[in-house]
Each structure stands twice: as structure tokens, then as C-alpha cells.
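1. I would like to see how this sequence folds:
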Amino acid sequence: MRWALVKVCLAVTAMVVVAFAVPLGMVVQEMASDRAFSNAERQAATIGPTLSITTDPQQLRKAVESTQMGAAERMAVHVPGVGGAAEVTIGRARAAAGDVARTREYGRATTASVPGGGSALLQPTAIGTGDIAVVEIFVPESEVSNGVTTAWLVLAGVGLALIVGSVAVADRLGARLVRPAERLADAAHQLGEGRLGARVPEAGPKELRSAAVAFNSMADQVVELLANERELAADLSHRLRTPLTVLRLNAASLGDGPAADQTRAAVEQLEREVDTIIRTAREQRPATQGAGAGCDASEVIRDRMDFWSALAEDEGREVRLAGVDRTVRIPVARPELAAALDAMLGNVFRHTPEGTPFAVDVHDAGDAVIVLVSDAGPGIADPDAALRRGNDGGRDGSTGLGLDIVRRVAESTGGDVRIGRSVLGGTEVRVWIALDGRSRGGAGGPQARRGRRKRRG
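-> Below is the predicted model:
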């Protein structure tokens, strides 16, 4: 594309130079010729007064020699015969007799070619007897073409400069057009090779800037889609932790024996594989809520507590459930709320000793619903760190995504999550689910709340 643009500019400029330089050079040549013959006419007119007075050869010769052209032997006077006398030529004549006779016959100035090069101006002049004398002025070829060669060289130089300048401008313009296109192609190759950070500077002509903006937007969408896929894999894998917890607890009650050992080993291996999947797929993803999602928090909590109560009974845990005797609608999809509850209750079973009691309370605050999960365990030493995504605290069997799932569910409604000491003496996870879409405290969204948590820390 770059060389094509250079060739086009070269051809166009060359045609323009030829179209203007050649006629201009011809005009200059014509002007030089007119200037030479006009000067010859003026020189011929200087002898006219003498011819009108006398035709005496001696006096005419003196008059001719006194002129500039006569002194340079470039003037001749052809005097016709008077009273039967022969025609007299004074000075050095170069024109043919026939040309002189035709000029006398026509009665107007003419030019004639001179053998050996040059031209002769033949100017008819009336004499006292009424006859016509012809004054001849020799005009050499060098005078006719005086300055023409210089003019042609100047025009050629100007034309060459225009061509070189147009080629340089076309090359720079082509580079300005080609470089953004090359960067766009290079970024497309990089993106195709899996380098998702490839972006294109939004520079160059308007059309290429639009293409760069579209490419960068597409690349951002690709990254976001891949991040969502990884996050979905991480969340789905984390939800497998609940049935894995059941399998681990059941495997622990199988007693001794090869089958029991194999089952426990398989459960441990499965837990390690799930942890590996979660850690591999862990990336940031947008909020999980969709418009119009909602469920009955009381019904979901009762359903999930039916599941976890069986495990609690096996481990000798006392369970208290409060506030679920009436319908409490929240703007959270049922699967998301169930996943958040499983994450909180799973943490209770994984990180507190067997026999530790726990409780689940639901409070309707009018503009929000508060879900409390509390236990009598050892508690969490660093609540702010526990809420940070991917922070597992170095604990075995933890990926650091459980409380992050809870936090994202709450923040999708404008609420938040707090961790503190419970009345039972252990950890209390307080989930604030806003009902009117406003954040807790009336200002700030999830980013602002995360900033406040960091400042509190």
C-alpha cells in the first residue's frame, strides 16, 4: 500500500510537471524570439530617416557604419535603382535576393533564413523618390535563444524538486497510513496466539482509529468472556465442596478396612483435584446477579438447613434456627443464595471442631434482610483478610473463595458482609442484603465498601 501510494503520487506529479513545464518553456522560447526580432526592428528603424533624405551610397554607408548593427556588420541596406541606375547594397548582406524582392513587393517586414544559421529581418522603408528600400538586420541564433536554455534548466529543476517532494510526502503519508494498519495486524496475530494483553494505540487516520477502538473493545470482551468462564469454573468447582464435605464426613465414619481407606483416599484426592481446579480458574468476574432474580430467603435457608442438620447431628452439633417462619423475599437468585449459605455453613463444619454449636438467624430490617451465621468455634483472627478473594490463610482444604462468593452475592444487591464475634463466642458472618438497591449507609457501592474495609484494616 505504501509503495502503491508513492507510485500514484509520482505519476500524478510527473504529469502535472509535464503539463505545465513544457508549455511554459515554449512560452519562454517564443518570448526570447520576439525580443530578438523586436530589437532588430528598432535597429532597422534607426536608418529610416537617412533613407528618406538621401540615397547617396557614400552617405548611406557612413550612416550604416555609425549604427550599432552596422558596426557589427549585421546591417545591410538594399537601395533600388533610381533613374535606370543599378540596385545598390550597402553593408554585409546575408538574405537572398528573392527574399528582398518579395519584401519590397509585399511592403511589410518579413524574416528569412540565412545559410549557415540565424535569421534576417527584412524591413521595407520608403525613400524620397517614392521607391522602397529594404533594410536587412541579421539576427544570430544565439540571440533568438538567449535565456531559453537557462529557463528550461530552471523548469526542469523545479519539476524534479516537485517530483522528489511529492514522493517524500507520499512516502511519509503512506507510512502514517501503513503503520497503524501494521500495528493492528500485529495485535491481531498476538491475540490469536493467546497473548490477551495485546492492544492497539488509537492513533492514525480517523478510520484506522475507529478500527483500533473496535479491536481494543473486542479484545476486552474476549478477556472478560474468558474471565467469566474461569470464574464460572471456579464457582462451580467450589460448590462441589459441599457434597465433598458430606463424603469426607461419611468416609470418616466407615471405620477401618481396605474399602474405608480407599474411600477416604479417593475423597482426599477428589478434594485436592477440586482445589486445583479452583486455584487454576481463579480470576475476577463481574457480579453474579441478573436483573429480576429473586427468591424466598426463609424457604432457601430451611431447605439448606435440612441438609446440613443431618451432618450436624452426626457430629453432635447443636443447631439453632430463627426468623425463617415467614416469607422474606430478597433480590437474589435461589442458586446464588444456596451457594452462599453452603459456603458459610461449610466453613463452620470445616474450621470448627466436632460438637461446636452454630446458629442461623434471619432478620427483616425493612430496607434490607440480614442473615447471620454464628458459631462457638475459635473465631477468625483476621476478618478483613478472610473477605479478600483468594486468601485462604494457608489452611488445608481452603481455596479462599467461600466468603468471596458470599460477599459478591451481598454486594450485587448493594449490601455487604461483616465478620465479627458472635454471642456464642466464635465467628459471626453478617450478610446484609439490600432490598431497594441502595448500598448500606446510603453511599458508595462495592468498590467503596472494599475501600472502607481496607481503611478499617
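
2. Checking my notes, L122 in a helix, right?
-> No: counting by DSSP: H, G, I helix; E, B strand; the rest coil, L122 falls outside a helix, being strand.

3. Tell me what V319 is bridged to.
-> F358 (DSSP bridges).

4. Quick check: it vs V348, distance?
-> Distance, V319 to V348, using CB to CB, to the nearest Å: 10 Å. All C-beta spots, glycine's among them, are computed from the backbone N, C-alpha and C.

5. Need the residues touching each of those two.
-> Common neighbours of V319 and V348 are listed as F358 (criterion: CB atoms under 8 Å, 6 or more residues apart in numbering).

6. More neighbours: which of the two?
-> Using other CB atoms under 10 Å as the criterion, V319 and V348 rank with V348 on top: 25 against 16.

7. all strands of the stretch 101-250 of the chain, in order?
-> Under the criterion DSSP state E, counting those that start in this stretch, the stretch 101-250 of the chain carries strands at the ranges 110-113, 119-126, 132-139.

8. same check, this time on the stretch 301-450 of the chain
-> Under DSSP E, counting those that start in this stretch, the stretch 301-450 of the chain gives strands at 319-322, 329-330, 358-364, 368-375, 416-421, 427-434.

9. got JSON lines for the ones you listed, with mean pLDDT too?
-> Putting these into JSON lines (pLDDT from 0 to 100) gives the following:
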{"stretch": "strand 319-322", "mean pLDDT": "93"}
{"stretch": "strand 329-330", "mean pLDDT": "92"}
{"stretch": "strand 358-364", "mean pLDDT": "93"}
{"stretch": "strand 368-375", "mean pLDDT": "94"}
{"stretch": "strand 416-421", "mean pLDDT": "91"}
{"stretch": "strand 427-434", "mean pLDDT": "93"}
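
10. And E202, its phi and psi?
-> phi -90, psi 80 (degrees, to the nearest 10).

11. In terms of pLDDT, where does it sit?
-> In this model, E202 is scored at 82, pLDDT.

12. Please name the residues that touch it.
-> Counting by CB under 8 Å, 6+ apart, E202 has contacts R209, A212, V213, N216.

13. Is it possible to mark the buried ones in the residues you listed?
-> A212, N216 (16 or more other CB atoms under 10 Å).

14. Among the contacts of E202, which ones are in helices?
-> Among those, the residues falling in helices (DSSP state H) are R209, A212, V213, N216.

15. Quick one, which of the residues you listed has the minimum pLDDT?
-> R209 (82).

16. for the protein, which spans come out with low pLDDT?
-> In the predicted model of the chain, residues 1-2, 82-85, 230-231, 233-239, 241-242, 269, 272-274, 276-293, 388-402, 437-457 satisfy pLDDT under 70.

17. Neighbours of P80, how many?
-> Neighbours around P80, by other CB under 10 Å: 18.

18. Where do the helices of the stretch 201-350 of the chain begin and end?
-> Counting by DSSP state H, counting those that start in this stretch, the segments of the stretch 201-350 of the chain that form helices are 206-239, 241-252, 258-281, 297-315, 334-351.

19. right, and the ones you listed - which one's nearest R172?
-> R172 sits nearest to helix 206-239 of all those, at 15.6 Å, using CB to CB.

20. still on that earlier bit, from the ones in helices among the contacts of E202, pick the one nearest E182.
-> The closest of these, once distances to E182 are taken by CB to CB, is A212, at 11.9 Å.

21. Make sure the closest one is actually in contact with P201.
-> Yes: checked against CB atoms under 8 Å, the pair A212 and P201 is within contact range at 6.8 Å.

22. Give the residues shared as contacts by those two.
-> Common neighbours of A212 and P201 (CB under 8 Å, 6+ apart) are P180, R183.

23. picking up where we left off before, Throw the strands of the stretch 101-250 of the chain into TSV and include distance to Q190, thanks.
-> Shown next, in TSV, are the strands of the stretch 101-250 of the chain (distance: least, CB to CB, whole Å):
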stretch	distance to Q190
strand 110-113	77
strand 119-126	76
strand 132-139	76
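
24. Can you lay out those strands as JSON lines showing mean neighbour count?
-> Below are the strands of the stretch 101-250 of the chain laid out as JSON lines (neighbours: other CB atoms under 10 Å):
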{"stretch": "strand 110-113", "mean neighbour count": "16"}
{"stretch": "strand 119-126", "mean neighbour count": "21"}
{"stretch": "strand 132-139", "mean neighbour count": "25"}
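
25. hmm, back to that, which of the contacts of E202 sits closest to P353?
-> N216 (53.0 Å).

26. Please tell me how far the closest residue in space to the closest one that isn't next to it in sequence sits from E182.
-> Computed as CB to CB, 6 or more residues apart in numbering, the closest residue to N216 that is not its neighbour in sequence is R199, at 5.2 Å. Distance, R199 to E182, by CB to CB: 15 Å.

27. what does R108 give?
-> Taking CB to CB, one finds R108 at 72 Å from E182.

28. So those two - more neighbours on which side?
-> Taking neighbours as other CB under 10 Å, R108 and E182 compare with E182 leading, 13 against 9.

29. nearest residue to I370 other than its sequence neighbours?
-> I370 sits nearest to H363 (CB to CB, 6+ apart), 4.3 Å away.

30. If you could redo that for S166, that was the one I meant.
-> T13 (4.0 Å).

31. my read: that neighbour touches V164, true?
-> No: here T13 lies out of contact with V164, judged by CB under 8 Å, at a distance of 9.2 Å.

32. Those two - which one has more neighbours?
-> T13 (19 against 12).

33. Run through the neighbouring helices and strands of the host helix or strand of the more buried one.
-> For T13, the host element (DSSP states H and E) is helix 2-45. Under the contact criterion of 3 or more CB pairs under 8 Å, 6 or more residues apart in numbering; DSSP states H and E, helix 2-45 touches helix 68-71, strand 119-126, strand 132-139, helix 141-144, helix 148-192.

34. For the last one, name the packing helices and strands.
-> Counting contacts by 3+ CB pairs under 8 Å, 6+ apart, helix 148-192 is packed against helix 2-45, helix 206-239.

35. ditto for the second one
-> Packed against strand 119-126, as judged by 3+ CB pairs under 8 Å, 6+ apart, are the following elements: helix 2-45, helix 48-53, helix 97-106, strand 110-113, strand 132-139.

36. can you give me how far the first one is from the chain middle?
-> This points to helix 2-45. Computed by CA atoms, centre = their mean, to the nearest Å, the chain-centroid distance of helix 2-45 equals 45 Å.

37. Then the shortest one?
-> Offset of strand 110-113 from its chain centre (CA atoms, centre = their mean): 70 Å.

38. Who are the contact partners of the residue nearest to I370?
-> Contacts of H363 by CB under 8 Å, 6+ apart are G323, V369, I370, L372.

39. Looking at these, spot the one nearest T46.
-> For those, the nearest to T46 is V369 (121.7 Å; CB to CB).

40. count of residues packed around the closest residue to that closest one other than its chain neighbours?
-> Of all residues beyond its chain neighbours, the one nearest V369 is I433 (4.7 Å), with distances taken as CB to CB, 6+ apart. Number of residues near I433 (other CB under 10 Å) recorded here: 26.
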